[in-house]
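In: Structure for this input, please:
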Amino acid sequence: MAETKTGTQSTSEDGLKCPACGTPVQAIHLAEIEGLTPTPSICSFLPGGRVCCSHLKTYASPAVRSENPNGLAQDSQGRKDQPLCRGLLDYFPDALAEVSELSRLGNEKHNPGVPLHWARAKSGDEADCIMRHLAERGGLIEGEYSKPVRHSAALAWRALALLQKEIEADRGDGKISRGSK
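Out: Predicted coordinates for the structure are as follows:
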């Protein structure tokens, strides 16, 4: 293995190929990259926590991101590497609208008369709820809100809640999303 500025690079002697493009492996061990949050732009992760070098992108370090309360990159390239509109809103406009409607309906149910916010103390069992809503996917939740809601929307909401909490915990600065109370 050869040492590089970004980590330990393995060569094709590993016999691995990129699952997306078939490139012979030159993989970087992600755990050895200091101060960067690497993510594959195309490839799946390769065995041993590695990603194909030709598809590796690096974003702003977690320390830089944590200074921004919304978790977004502060530098120009980092912002370009987080395509919130093209990579999220444009992919899932209807699904995101459905999840935001569920947020509104949930706020009406749990916090009537109070401005929209995520009342985290009301429920913290995201993983169990995800499984319950997954089992009921394709169906509707009826009678719980002022109108029927898709189980899949509740699943997506809970998955986002779980992910948000994981990211905040990894950041370790005690900051929570601005829509939370």
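In: ok, which stretches of the protein are helices?
Out: For the chain, the helices defined by DSSP state H occupy 62-66, 76-80, 93-110, 126-135, 151-171.
In: How is the protein divided into domains?
Out: According to automatic domain parsing, the chain comprises the domains 2-77, 86-171.
In: Least confident of these, on average?
Out: Lowest mean pLDDT of the domains of the chain: domain 2-77, a mean of 50.
In: mind listing what the residue lying closest to residue 155 once chain neighbours are set aside touches?
Out: Counting by CB to CB, 6 or more residues apart in numbering, residue 133 is the residue found nearest to residue 155 once chain neighbours are left out, at 3.7 Å. From N, CA and C alone the C-beta is placed, and that goes for glycine too. Counting by CB atoms under 8 Å, 6 or more residues apart in numbering, residue 133 makes contact with 151-152, 154-155, 158.
In: and if you look at residue 140?
Out: Applying CB under 8 Å, 6+ apart to residue 140 gives the contacts 148-151.
In: mind listing which of these are in strands?
Out: Using DSSP state E, the members of the contacts of residue 140 that fall within strands are 149-150.
In: Mind checking which of the contacts of residue 140 are buried?
Out: Burial by neighbour count, judged by 16 or more other CB atoms under 10 Å, picks out 149-151 from the contacts of residue 140.
In: possible to save those residues as CSV with distance to residue 140?
Out: CSV is the format used below for those (distance: CB to CB, whole Å):
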residue, distance to residue 140
149, 7
150, 6
151, 7
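In: between the residues you listed, which is nearest residue 73?
Out: Residue 73 lies nearest to residue 150 out of the buried ones among the contacts of residue 140, by CB to CB, at 32.1 Å.
In: State whether the closest one and residue 136 are indeed in contact, as I suppose.
Out: No: Residue 150 is beyond contact range of residue 136, at 9.4 Å (criterion: CB atoms under 8 Å).
In: Can you verify my assumption that residue 107 contacts residue 117?
Out: Yes: counting by CB under 8 Å, residue 107 touches residue 117, with 6.8 Å between them.
In: Please name whichever of the helices of the chain is nearest to residue 86.
Out: helix 76-80 (10.4 Å).
In: ok, and what's touching stretch 144-158?
Out: Taking CB under 8 Å, 6+ apart as the rule, stretch 144-158 contacts 95, 98-99, 101-103, 105-106, 108-109, 126, 129-130, 133-134, 136-142.
In: If any of those residues are buried, put those into a PyMOL selection.
Out: Those of the contacts of stretch 144-158 that count as buried under 16+ other CB under 10 Å are selected in PyMOL with:
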select buried, resi 98+99+102+103+105+106+126+129+130+133+141
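In: can you count the residues close to residue 71?
Out: Neighbours of residue 71 under the rule other CB atoms under 10 Å: 15.
In: And it, how close does it get to residue 160?
Out: To residue 160, residue 71 is 13 Å away according to CB to CB, to the nearest Å.
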